[in-house]
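> Next one to model:
(one chain, ligands or ions: 1)
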Amino acid sequence: MPAYTALFIVFMTVSTLTGIFLLIRLWRARQEAGAASLIWAILCMAFWSLTYIFEIISPNVGWKIFWLKTEYLAIPFISLAIFLFGVVFSGRRKWLSGSRLAWLLVIPTVTFLLAATNEYHQLIWSQIVPPVNSAFGPLLVGHGPWFFVFTGYSYLLLLVTALFFIQIFVRRQGIYRVQAGIILAGIAMPWLGNVFYLFVKSPLPGYDWTPLAFALTMIALEIGFTRYRLVDVLPIAQSVIFDAMLDAAIVVNKTGQIVDANLACERVFDLQVADLIGKDVSLLFPEWQAWIQDTHPRVETIREFSLPGDPEQRIFNLKLVAIAGRGKSISGYLLILSDVTRNVKALSQMRLLVAALEATQNAVVITDSSGMVQWVNPAFTLLTGYERSEIIGRTPRLLKSGHQSAGFYKKLWDTILKGEVWRGELINRRKDGSEYSEEMTITPLVQPDGTITNFIALKQDITERKQTEEQLKLAHKQAVEANRLKTQLLASVSHDLRTPLGTIMGYAEMLLVEAFGPQNEAQKTATAEILNSANSLLTFVNNLIGQAQIETGKIMLNNQPFEPSVLVDSIRSVVNYHAAKKNLNLKIEIDPQLPQVLIGDSYWLRQILLNLVNNAIKFTQTGSVHIRFYKSNDTTWALQVSDTGIGIPEKDRENIFDAFYQHSDVSEKKYGGSGLGLSIVKQLTILMGGKIELESQVGQGSTFTVLLPLVVAPEEAG
Ligand code: ADP
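Next up, the predicted model:
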């Protein structure tokens, strides 16, 4: 075997082994985008190198032709595989549809088929001659027309692939540029080999160095692919990221035309991306010209933006970046629109809440979970005298007055650390040392995971309220005391009044019955007047005593058998006197149904009767006063006093039973009286287990009916 043949075989072996080595290395990354095409390209290259070796070393022409044809299982597909790698690697994966791939496969497949059947048409090889000088070596071939079609196709694909990487090389910086450069150099290899083959007279005619050139290509591609693999993902993923972005992104060229827009734009502008591309950007942003007036390359400007007439009234953060071109020029613009409506709304809501907290009259303190103050409102300063800056970062312990025990604070902390609201009153100390009472509510801010991040305390100054409360308590106490004193006074005064009154009445009565000798008419009248006035006074004094006793709860009913007729008789003389004086017709009626003896407190019953009858006579000018005792039903008896007097207006009926009340039409001056009578009557009635009823018509008269439980004396009942 000639030495140069051996040398060539060595080169081809190196090329084959390189292929195998590259395949092993690439195997791990086989899943990555572009790896499949690269593997295919390397396989083809290695296969070609290997089969080429077989062609060279085959001793007879038949085998050599067999191997030549076998090489065409790989040769036609190498450029296509490299092209596909370029397509994917430069981010054009989407372009590669199934039908496009099928079209691309047509020429390589036809080439293979034609190579296999060359003897019938010589379209690939016009002639095939065995090597001269030695049995070893490649066949010497002349090319048929299809060979040139296929070669043109291959170089065209390589050219387009080179353009992909030239684009990356020009556009990108740094590592991408190096990577694209290496790959470009790799792609240039077959071209160089070709130039070499065409223009330089080869010392070895018939030997095709292209597999070797491709081996170098593969090394370059592999380095480009693996060495920079991590960053390689970026160019491929770029378009994916672009479309996956939540923010709308628009690329605008120098002249203001939209050259690219991502999917998010469809949502923002309610337009298809296809409709956006090519549009004048000022259609979307009328102020575009003003915006780009002083943009500088790579400088971002951010502004708030709303779409005119947007029904959703969204607010966007618009970021405008000028894309640097050559030198200081601008080659285009990138616009990014982020929908910040929710943020803006949340922010304004927050501002509102803060304003509300700032304005509120209650002091607000926000602490972290350890109790360190983070924020206070102006009302806090007003309440405590501490400025915001003086308390932030410290604890509210600053306000402690020492009035609350350690246990008090422990309870407080126990409550809020449990996540519960604490409410209470405490005395705190202001910055100036003065003390104040406050009502405080502490609400823990519990996060969804159960942790407490903050405490919010609301404080209200209740010093004034406390003082008022104290004053009220005191006033009440004083009032109770005063009332007690009054009652006591009343009781003793009444008692002291009653004794001499008894004496006056006793002597007057004795005078009236002429116990001290005969009296003339004038003397009799005077005595009667004395007696009558004394009687009125006694009734009043008795009322006072009754009232005092009822108020102090000292009244005791002394229930004894009594005869209603005797009761009536006891007041008859007084009443008669008055009635006669006013010329009133006095009727006294005792129901025969009523038992002769009843059980009751005849003393207080007399007082009731006296009050009612006195009123009846007092408020009646003409007509009659009617006293009636009757059995109302089996369990009730009644004591009724009716008159034909002035009557009681509807509106006064509720109040006339209150102590010291006199109805509006009745002036004290005209009728006299204290307003105590009916109050005593009612209270006594209730004490006796009965009730009082009133019927009245203004100008017609009134009827008071005291209904009492019917208790019959034992002998009577028996
Ligand atoms: P006083 O008679 O001492 O004023 P009372 O408590 O007995 O006090 O009566 C309260 C008021 O009720 C009287 O001032 C009067 O206005 C009204 N009143 C009581 N009895 C009658 C009555 N028979 N007819 C009309 N008004 C009456």
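
> Just confirm residue 189 contacts residue 216, I think it does.
Yes: with contact defined as CB atoms under 8 Å, residue 189 reaches residue 216; the gap is 4.5 Å. Every C-beta, even on glycine, is put in place using the N, C-alpha and C of the backbone.

> Have a look at this structure and report its longest strand.
Residue-count comparison of every strand in the chain, with assignments taken from DSSP state E, identifies strand 435-446 as the longest.

> Beyond that one, next helix or strand please.
From strand 435-446 onward toward the C-terminus, using DSSP states H and E, the following helix or strand is strand 452-461.

> Parallel or antiparallel, which strands does that next one pair with?
Using DSSP bridges, strand 452-461 pairs in its sheet with strand 363-368 (antiparallel), strand 435-446 (antiparallel).

> in the stretch 51-200 of the chain, which spans are helices?
With DSSP state H, counting those that start in this stretch, the ranges of helices along the stretch 51-200 of the chain come out as 61-71, 75-89, 98-116, 118-121, 145-171, 174-199.

> what's the spatially closest residue to residue 90 that is not a sequence neighbour in contact with, if anything?
With CB to CB, 6 or more residues apart in numbering as the criterion, residue 90 has its nearest non-adjacent residue at 4.1 Å, and that residue is residue 164. Remark: with contacts taken as CB atoms under 8 Å, 6 or more residues apart in numbering, residue 164 is in contact with 86-87, 89-90, 92.

> Please tell me how far the residue lying closest to residue 589 once chain neighbours are set aside sits from residue 385.
Closest residue to residue 589 in three dimensions, ignoring its sequence neighbours and counting by CB to CB, 6+ apart: residue 628, at 4.8 Å. In this structure, residue 628 and residue 385 are 77 Å apart, going by CB to CB, to the nearest Å.

> Residue 540 is in what secondary structure piece?
When elements are defined using DSSP H and E, residue 540 is found to belong to helix 521-552.

> The helix or strand that comes right after that helix: how far from the chain's middle?
Elements were assigned by DSSP H and E; along the chain past helix 521-552, the next helix or strand is strand 560-562. On the basis of CA atoms, centre = their mean, to the nearest Å, strand 560-562 sits 77 Å off its chain's mean C-alpha point.

> Contacts for strand 560-562, please.
With CB under 8 Å, 6+ apart as the criterion, strand 560-562 contacts 597-602, 605, 713, 716.

> among these, which ones are buried?
597-602, 605, 713 (16 or more other CB atoms under 10 Å).

> Where does pLDDT dip in the chain?
Within the chain, the segments meeting pLDDT under 70 span 172-176, 197-205, 227-239, 298, 325-327, 659-673, 715-718.

> can you do 50?
For the chain, the stretches flagged by pLDDT under 50 are 230-234, 668, 717-718.

> now the helix ranked longest in it and strand 435-446, what's the angle there?
In the chain, assigned by DSSP state H, the helix with the most residues is helix 463-512. In terms of direction (axes from the mean of the first three to the mean of the last three CA atoms, to 10 degrees), helix 463-512 departs from strand 435-446 by 120 degrees.

> so residue 181 touches residue 169, yeah?
Yes: contact between residue 181 and residue 169 holds when scored by CB under 8 Å: they sit 5.9 Å apart.

> returning to what we had before: let's see which of the buried ones among the contacts of strand 560-562 end up in strands.
598-600.

> and which of these is nearest to the ligand?
Proximity to the ligand was ranked across those by CB to the nearest ligand atom; first place goes to residue 600, at 21.1 Å.

> residues touching that closest one, list them.
Neighbour list for residue 600: 559-560, 562, 688, 708, 711 [criterion: CB under 8 Å, 6+ apart].

> got it, and residue 118?
Remark: with contacts taken as CB under 8 Å, 6+ apart, residue 118 is in contact with 69, 124-125, 144.

> For these, give me a markdown table that also has neighbour count.
Formatted as a markdown table, the entries for those read as follows, by neighbours: other CB atoms under 10 Å:
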| residue | neighbour count |
| --- | --- |
| 69 | 19 |
| 124 | 26 |
| 125 | 21 |
| 144 | 18 |
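
> For the stretch 251-400 of the chain, just list every one of the helices.
Per DSSP H, counting those that start in this stretch, the stretch 251-400 of the chain has helices spanning 264-269, 273-276, 288-292, 341-359, 378-384, 388-391. These are given in chain order.

> helices or strands next to the last one in the packing?
Under the contact definition 3 or more CB pairs under 8 Å, 6 or more residues apart in numbering; DSSP states H and E, helix 388-391 sits against strand 373-376, helix 378-384.

> if we can go back for a sec, helices or strands up against the longest helix of the chain?
Of the remaining helices and strands, those touching helix 463-512 by 3+ CB pairs under 8 Å, 6+ apart are strand 435-446, helix 521-552.

> Sort out which residues of the first one are buried, please.
Neighbour-count burial for strand 435-446, with 16+ other CB under 10 Å as criterion, is recorded at 436-440, 442-444.

> Relative to the ligand, which residue of the stretch 51-200 of the chain is the closest?
When scored by CB to the nearest ligand atom, the stretch 51-200 of the chain has residue 94 as its residue closest to the ligand, at 105.1 Å.

> I'd like the distance between that residue and residue 278.
Distance of residue 94 to residue 278, computed by CB to CB: 19 Å.

> go on, residue 629?
116 Å.

> These two: which has the busier surroundings?
When neighbours are counted by other CB atoms under 10 Å, residue 629 comes out ahead of the other of residue 629 and residue 278, with 19 against 9.

> which residue ranges form the helices in the stretch 551-700 of the chain?
According to DSSP H, counting those that start in this stretch, the helices that the stretch 551-700 of the chain contains are 564-581, 602-618, 668-671, 677-687.

> could those be laid out in a markdown table, adding distance to residue 245?
Putting these into a markdown table (distance: least, CB to CB, whole Å) gives the following:
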| stretch | distance to residue 245 |
| --- | --- |
| helix 564-581 | 107 |
| helix 602-618 | 98 |
| helix 668-671 | 95 |
| helix 677-687 | 88 |
